[in-house]
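Student: For reference, the sequence and a predicted model appear below.
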Amino acid sequence: MEQFRGTGVALITPFTSNGEIDFNALEKLVNYQVDNGVDYLVVLGTTGETATLSKEEKEMVKAKVLDVNAGRLPVVLGLGGNNTHSLIEELEQDNFDGFSAILSVSPYYSKPSQEGIYQHYKMIAEASTLPVLLYNVPPRTGSNVEPETVIRLANDCKNIIGIKEAAGDFEQVLELIRNKPTDFLVISGEDKLALPLVLAGGAGVISVIGQGLPAAFSDMIRLAQQRAVDKAYDLYYSLSESIDLIFSEGNPSGIKSMLKSLGITETFVRLPLVPATPELQQKINIFVSRFKK
């Protein structure tokens, strides 16, 4: 579990102008993370526009990331949904060689009860040969995984090792940290709350901005782990504008604009998403040029 402390990044899926996956850009992106200090990679999460990828495309993305990474960093695979039995079939039939854990979002749209969420994750834990990270993101799923449910799962399922928490409720974060089993990981799913979460006893972050500014963001998290609070907050304040910018027109449109500024990929996304506006791109360009100085 120690390999999931620190900074993980939720990788985008780069596209070309004709809508195909840009594997050259994906290679550059992975190497950019590895070379700049992040601790692990997350592939096929929400930021990767996974809902718009075919099964064949998902397999190609997985294979490319594993090939380029070449074992240098742990890789977490996004694998979630609201059809429990379909997920179980996938867990039983697919090959997970090269992956260190799965990140499984709480069932979306269906809005199950807490008991339904518990039973869903319990079945996933029983079927998975890999450690499982829960993912709570109520603004996207329509329901919250309550702390009591998380703690129950953590105690009952030995291979549920942590949660990516993105409810936007810091009191809920503190309740999780206070009541969790000793080794259970509470990981921030929100870049703006990552620093206070780590200082409160959390394990780290699965970040979006971290793939645009991996060295600075990873340094901030490491400083927090070392309890170098003033230095960590100095970095936080230098980065905070960029976090506001990349989420102002939705994710991953904003981070793709930043990666465009950095020369890593283009801004193309798949509908129903649209690229960031020229106005936002200009603001991001200004931030990047100033930050590099």
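Tutor: The structure has been received and is ready for your questions.

Student: got the residue ranges for the helices in the stretch 51-200 of the chain?
Tutor: 55-69, 84-93, 114-127, 138-141, 147-156, 170-179, 194-199 (DSSP state H, counting those that start in this stretch).

Student: Which strands and helices lie in contact with the third one?
Tutor: Right, the one you point to is helix 114-127. On a contact count with 3 or more CB pairs under 8 Å, 6 or more residues apart in numbering; DSSP states H and E, helix 114-127 meets helix 84-93, strand 132-136, helix 147-156. All C-beta spots, glycine's among them, are computed from the backbone N, C-alpha and C.

Student: Mind doing that once more with 10 Å?
Tutor: With contacts defined as 3 or more CB pairs under 10 Å, 6 or more residues apart in numbering; DSSP states H and E, helix 114-127 has these neighbours: helix 84-93, strand 101-105, strand 132-136, helix 147-156, strand 160-165.

Student: what's the answer for the second one, then?
Tutor: Judged by 3+ CB pairs under 10 Å, 6+ apart, the packing partners of helix 84-93 are strand 101-105, helix 114-127.

Student: Mind putting these into TSV with mean pLDDT, distance to Pro278 and mean neighbour count?
Tutor: Formatted as TSV, those follow (pLDDT from 0 to 100; distance: least, CB to CB, whole Å; neighbours: other CB atoms under 10 Å):
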stretch	mean pLDDT	distance to Pro278	mean neighbour count
strand 101-105	98	32	25
helix 114-127	98	42	18
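
Student: Of those, which is nearest Gly71?
Tutor: strand 101-105 (15.0 Å; CB to CB).

Student: what's the angle between the closest one and helix 84-93?
Tutor: Counting by axes from the mean of the first three to the mean of the last three CA atoms, to 10 degrees, strand 101-105 lies at 170 degrees to helix 84-93.

Student: Who are the packing partners of strand 101-105?
Tutor: Applying 3+ CB pairs under 10 Å, 6+ apart, we find strand 101-105 packed against strand 6-10, strand 40-43, strand 75-78, helix 84-93, helix 114-127, strand 132-136, strand 160-165.

Student: just how off-centre is it within its chain?
Tutor: With CA atoms, centre = their mean, to the nearest Å as the basis, strand 101-105 stands 10 Å off its chain's centre.
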